[in-house]
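> sequence first, predicted coordinates after that:
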Amino acid sequence: MNQDFKQNTPNGHGTLGISLEALVDQIKYVLSPPIFDGDVIKTRKAAILHAFLLSIILITILYMIVILVTSESPELGLALVAAVQLFTITTYVALKRGHVDVASIVFVLFLWLLLSAATVLFGNPVNPLLASLILVVFTAGQLISNRAAVLYALLSVAFAVVLHFLNQNMVLPQYLVTDDVTFISRLSIFFILMAFFSFIANRTTIQAFRQLHETEKTLTDRNQELRELQVYLEQNVEERSQQIERRNRYLEAASQVASKSISILNLNEMLDNVVVEISQKFGFYHVGIFLTDEKKEWAVLHAASSIGGKKMIARNHRLAVGRQGMVGFVTSVGQARIAQDIEFDRIHSVTPELPDTRSEMTLPLRARNQVIGALDIQESIPNAFADEDIAVLQTMTDQIALAVENIRLFEQTQESLEEVQRAYGQYSELAWTESFQKNLLPSYRYFSGAVNQIRKEDISEPEDGSYSIPVKVRGYTIGTIEISKESGSTDWNSDEVRLLEALSEQIGIALDSARLFNETQLRANTEQLIGKINSQIRETLDINSILKNTAENLRQSLSLPELTIRMTTPDQYHSSNGDTFEEENGEGN
């Protein structure tokens, strides 16, 4: 042991004090009962058996001393005691190795056999050792089981009956009792042994009951803790379920509101529908939507769900951005704000039309990284809003802001389109007017199975029974379709009129397309002619050649019988029809 211990010390050097301490620890380990973590019953049985075995070892040593002192021939007694010692030590080793159940069964059986043999060897009809078998029954119940206790009780009764029968029919030898002194001394040893065993059994039983009580108390405390934990978890689960249900309800409502907002292209109508939808889906006391003006100075209330809010709209309610109320704060900083109790919130602005307001939440309307307004929600109870509501409602608010921006862009696009249409309509009207003035628009008549062109002066007033339909291009009348039925026919019905109107509309579109095509073609021919003449002019630097080529190309292209190009002074020139024009020379017209 010292050598092993030295190998575990620095440099292999140990001291006597450390060796004695290690020896004491080793003795404590040998003499202490084994402990099995997690198995209380096995540990208790090991403790009882350990106490019994140590007691037997000590008592047998004491009994050997008594035999040596009191007996004239101690050989038989010493042999029996040595056998008991050997058995006890073997059982003790098995116990230390963890074989508790096997050691318990063997120990109880050996104890019963030992006491039974001692009772037989006592040899007295009135045998005081017979009562010691009760100790075996008690020990079997402690170490093995209740069934084992019953079994040993029946076995002891059977043994007592047999012993009584033998005492009645024959005289048993008295090996353990030779004289009065021996009888008293050995009987005292047995009684001391029984008393000691009883003390150990009672002590272990009391410890077991105490440990059982402590275990029961511990289990009761743990059960109470588990019940409290169960209640706490149930409350948390219920609260979490309510939060999830509320969040799902909010998400569903937000989705419906977002769908509603993008399905309407009129701003005021969309805002009115959205605030009513939010108020109904979420059950809010008041919902209002503010939009900032062009200068970002005021947030103006445009829509409200409550009666008080509609009164506020009627009086043109507005709040100064960055200076007035939660709406002014939110539209200034672009962050959501919640007032769980308006009585303790210094930013909240009291509104007489909403007297029942107790809590308020305002969310910014953001579009293209700019705050364009705010969604103001008010409730009639304090602490009505949760922080997790902001994420859901802010997503919905962003959708509303996007819808507002889309409607504004749509309105701007519509205005631009209308301006383009008006400009194009004016251009088209001028083009058709010019065509009328130049008498470039022919008229045609279908009569007697033939289509003939007619002159303007041959056009007569419509006859009775005929029907006239104007041909329009973007609201400008460019012609008329006159249709007459045969005499005696019925009047024009609604289906025929609709057909004629549709035909008139298609004719107007076709004529305008043809005009555009002709203008485009004429413009292309003109640009081609200019490009051709320009390229020929640039081929030479001779003035005579340039003038000659220009005159020739213009005459051929325009099919002119005569064309003159004259060089004039800078002050004035004469046109081909005799009119005189003064050229701008810094101060002309």
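Looks like it came in fine.
> from now on I want contacts and neighbour counts done on CA atoms only, so please keep to that.
Will do.
> show me the helices in the stretch 301-450 of the chain, by range?
With helices called from DSSP state H, counting those that start in this stretch, the stretch 301-450 of the chain shows them at 307-314, 325-333, 387-437.
> wait, residue 284 sits on residue 384?
No: counting by CA atoms under 8 Å, residue 284 sits too far from residue 384 to count as a contact (9.5 Å).
> where's residue 375 relative to residue 322, distance?
Applying CA to CA, to the nearest Å, the value for residue 375 to residue 322 is 15 Å.
> please name the residues that touch residue 138.
By CA atoms under 8 Å, 6 or more residues apart in numbering, residue 138 lies in contact with residue 149.
> name the element it belongs to?
Secondary structure assigned from DSSP states H and E places residue 138 in helix 133-143.
> now do that helix: distance to the chain's middle.
64 Å (CA atoms, centre = their mean, to the nearest Å).
> what's the following helix or strand after it?
Next along the chain from helix 133-143, counting by DSSP H and E, comes helix 146-169.
> could you give the angle of that following helix to helix 133-143?
170 degrees (axes from the mean of the first three to the mean of the last three CA atoms, to 10 degrees).
> on contacts alone, who are the packing partners of helix 146-169?
helix 133-143 (3 or more CA pairs under 8 Å, 6 or more residues apart in numbering; DSSP states H and E).
> for the helix it packs on, buried residues please.
Residues 133, 134, 135, 136, 137, 138, 139, 140, 141, 142, 143 are the ones in helix 133-143 that count as buried (16 or more other CA atoms under 10 Å).
> of those residues, which is the nearest to residue 221?
Residue 221 lies nearest to residue 142 out of the buried residues of helix 133-143, by CA to CA, at 27.7 Å.
> distance of the spatially most central residue of the chain relative to residue 134?
Taking CA atoms, centre = their mean as the criterion, residue 244 is the residue nearest the geometric centre of the chain, at 9.1 Å. To residue 134, residue 244 is 68 Å away according to CA to CA.
> and among the helices of the stretch 301-450 of the chain, the most buried is which?
Neighbour counts (mean count of other CA atoms under 10 Å) averaged over each of these peak at helix 325-333, with a mean of 24.
> and that one, how far out from the chain's middle?
Chain-centre distance of helix 325-333: 30 Å, with CA atoms, centre = their mean.
> same check, this time on stretch 305-313
Its chain's C-alpha centre lies 36 Å from the corresponding centre of stretch 305-313 when counted by CA atoms, centre = their mean.
> what does stretch 252-270 give?
Remark: stretch 252-270 is offset 25 Å from the chain centroid, using CA atoms, centre = their mean.
> show me the chain divided up by domain.
18-221, 263-413, 441-589 (automatic domain parsing).
> got TSV for those, with mean pLDDT and distance to residue 252 too?
Below are these laid out as TSV (pLDDT from 0 to 100; distance: least, CA to CA, whole Å):
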stretch	mean pLDDT	distance to residue 252
domain 18-221	75	45
domain 263-413	88	9
domain 441-589	71	47
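> dump those into TSV; add distance to residue 430 as well.
Below are these laid out as TSV (distance: least, CA to CA, whole Å):
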stretch	distance to residue 430
domain 18-221	100
domain 263-413	25
domain 441-589	10
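> deepest of these, which one?
Greatest burial across the domains of the chain, using mean count of other CA under 10 Å, falls to domain 263-413, with a mean of 19.
> separation between residue 370 and residue 111?
96 Å.
> with residue 502 instead?
Residue 502 is 124 Å from residue 111, where distance means CA to CA.
> and if you look at residue 67?
From residue 67 to residue 111 the distance is 20 Å (CA to CA).
> OK, contacts around residue 477?
Residue 477 makes contact with 470, 471 under the criterion CA under 8 Å, 6+ apart.
> and the helices in the stretch 1-150 of the chain?
Using DSSP H, counting those that start in this stretch, helices in the stretch 1-150 of the chain cover 2-7, 16-31, 40-70, 75-96, 100-122, 133-143, 146-169.
> turn those helices into TSV, including distance to residue 413.
TSV is the format used below for the helices of the stretch 1-150 of the chain (distance: least, CA to CA, whole Å):
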stretch	distance to residue 413
helix 2-7	95
helix 16-31	96
helix 40-70	86
helix 75-96	96
helix 100-122	95
helix 133-143	98
helix 146-169	97
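> residue 526: which of those is closest?
Of all these, it is helix 40-70 that lies closest to residue 526, at 113.9 Å by CA to CA.
> so how far is that closest one from its chain's centroid?
Its chain's average C-alpha position is 68 Å from that of helix 40-70, according to CA atoms, centre = their mean.
> what's the answer for stretch 332-345, then?
Counting by CA atoms, centre = their mean, stretch 332-345 comes out at 26 Å from the chain centroid.
> what sits closest to residue 555 if chain neighbours are left out?
residue 563 (6.4 Å; CA to CA, 6 or more residues apart in numbering).
> from residue 548, how far out is that neighbour?
Relative to residue 548, and taking CA to CA, residue 563 is found at 11 Å.
> got it, and residue 335?
The gap separating residue 335 from residue 548 is 79 Å, by CA to CA.
> same question for residue 314.
According to CA to CA, residue 314 and residue 548 sit 80 Å apart.
> and what of residue 496?
From residue 496 to residue 548 the distance is 63 Å (CA to CA).
> next one: residue 221
Separation of residue 221 from residue 548 (CA to CA) stands at 123 Å.
> now do residue 310
From residue 310 to residue 548 the distance is 82 Å (CA to CA).
> go on, residue 40?
Per CA to CA, residue 40 is found 130 Å from residue 548.
> over to residue 485?
Counting by CA to CA, the gap from residue 485 to residue 548 is 62 Å.
> ok, now residue 138?
149 Å.
> repeat that for residue 445.
Residue 445 is 48 Å from residue 548, by CA to CA.
> swap in residue 237?
Residue 237 is 102 Å from residue 548, by CA to CA.
> cool, residue 322 as well?
As for residue 322, its distance to residue 548 is 77 Å (criterion: CA to CA).
> residues touching the residue nearest to residue 91 when sequence neighbours are not counted, list them.
Nearest residue to residue 91, sequence neighbours excluded (CA to CA, 6+ apart): residue 103, at 5.6 Å. Residues counted as contacts of residue 103 (CA under 8 Å, 6+ apart) are 91, 92, 94, 95.
> same check on residue 242?
Contacts of residue 242 by CA under 8 Å, 6+ apart: none found.
> what helix or strand is it located in?
Assigned by DSSP H and E, residue 242 falls in helix 180-262.
> relative to residue 110, how far out is residue 117?
As for residue 117, its distance to residue 110 is 10 Å (criterion: CA to CA).
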